[in-house]
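A.B. asks: Okay, here's the prediction I keep looking at, along with the sequence it came from:
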Amino acid sequence: MTGQNRSSAVMQQRSEPHEIVSIAEAKARGLRWYFTGIPCVNGHIAKRSLSNRGCRACVEMRRAAKDQANPARARERNVRRYHKDVTASREKVRLARERHAEKRRAYDRERYADPDRKAAQKQQALRWARENPGKRNAIVAARRSWIKRATPRWLTQEDRRAIAVIYRKAASYGPGVMEVDHIVPLRGRNVCGLHVPGNLRIIPAQVNRLKSNLFSEALA
Ligand SMILES: [Zn+2]
């Protein structure tokens, strides 16, 4: 299934009504669509346009096919639309992300479970790090500085030793197996966690990947 098919299927699912809305009722309610519940010639159970009685799913299907045939033009149009009102576009993206958060997590889980894909992503991340040493170093430095900032002054020698033990234990599983994770993230949206023993735990690297960015592996 391609991304376009998936997104149009999702769109259909979300926007199709469950109750019949006759042409007369649609007109009375000032709608631009009506809904019969009867499949179109292509089998869509979808809204119809009041203006030309056309199946909206068919329109969407034809548009998706056209976009697929000419992806460059589709991208150009989408970029143009996005920039017409960037603030509104960003809000739209944010709402869509929120709406599909659960679906996206499921998709990510499936994606990351695929060993070929995982290996390819790792290679890509490593290549990126090699080709962009400046950016890579900036990210490493930034992460170090977050950790430094999240380390309270009251941390005792004993705490520091405990932290070192946790990191050594994670490393003992071999490279890329387990990772030290901040339970409350150092850069959370609402609260920021501390770099203290109580906020550290060892979790599978794969799980951590879902939480953070792809480059961590290449930077480790
Ligand atoms: Zn149709």
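C.D. replies: Yep, it's here.

A.B. asks: Please identify the helix or strand for Arg201.
C.D. replies: In this structure, Arg201 is located in strand 200-204 according to DSSP states H and E.

A.B. asks: and that strand, what's its mean pLDDT?
C.D. replies: With pLDDT averaged residue by residue, strand 200-204 scores 90.

A.B. asks: Check stretch 108-120 too.
C.D. replies: Along stretch 108-120, the predicted confidence averages to a pLDDT of 81.

A.B. asks: One more: stretch 92-105?
C.D. replies: Average pLDDT, stretch 92-105: 91.

A.B. asks: Farthest from the middle of this protein: give me that residue.
C.D. replies: For the chain, the largest distance from the centre (C-alpha atoms, centre = their mean) belongs to Ala24, which lies 41.7 Å off.

A.B. asks: Which positions within the strand or helix carrying that one qualify as buried?
C.D. replies: Ala24 belongs to helix 23-29 when assigned by DSSP H and E. By neighbour count, and taking 16 or more other C-beta atoms under 10 Å as the criterion, the buried residues in helix 23-29 are Ala26. The way it works is simple: take the backbone N, C-alpha and C, and place the C-beta from them, glycine included.

A.B. asks: buried ones in the helix or strand hosting Arg127?
C.D. replies: Assigning secondary structure by DSSP H and E places Arg127 in helix 115-131. Of all the residues in helix 115-131, those buried under the rule 16+ other C-beta under 10 Å are Gln121, Ala125, Ala129.

A.B. asks: For this protein, which segments count as strands?
C.D. replies: Taking DSSP state E, the strands of the chain run over residues 33-34, 48-49, 178-182, 200-204.
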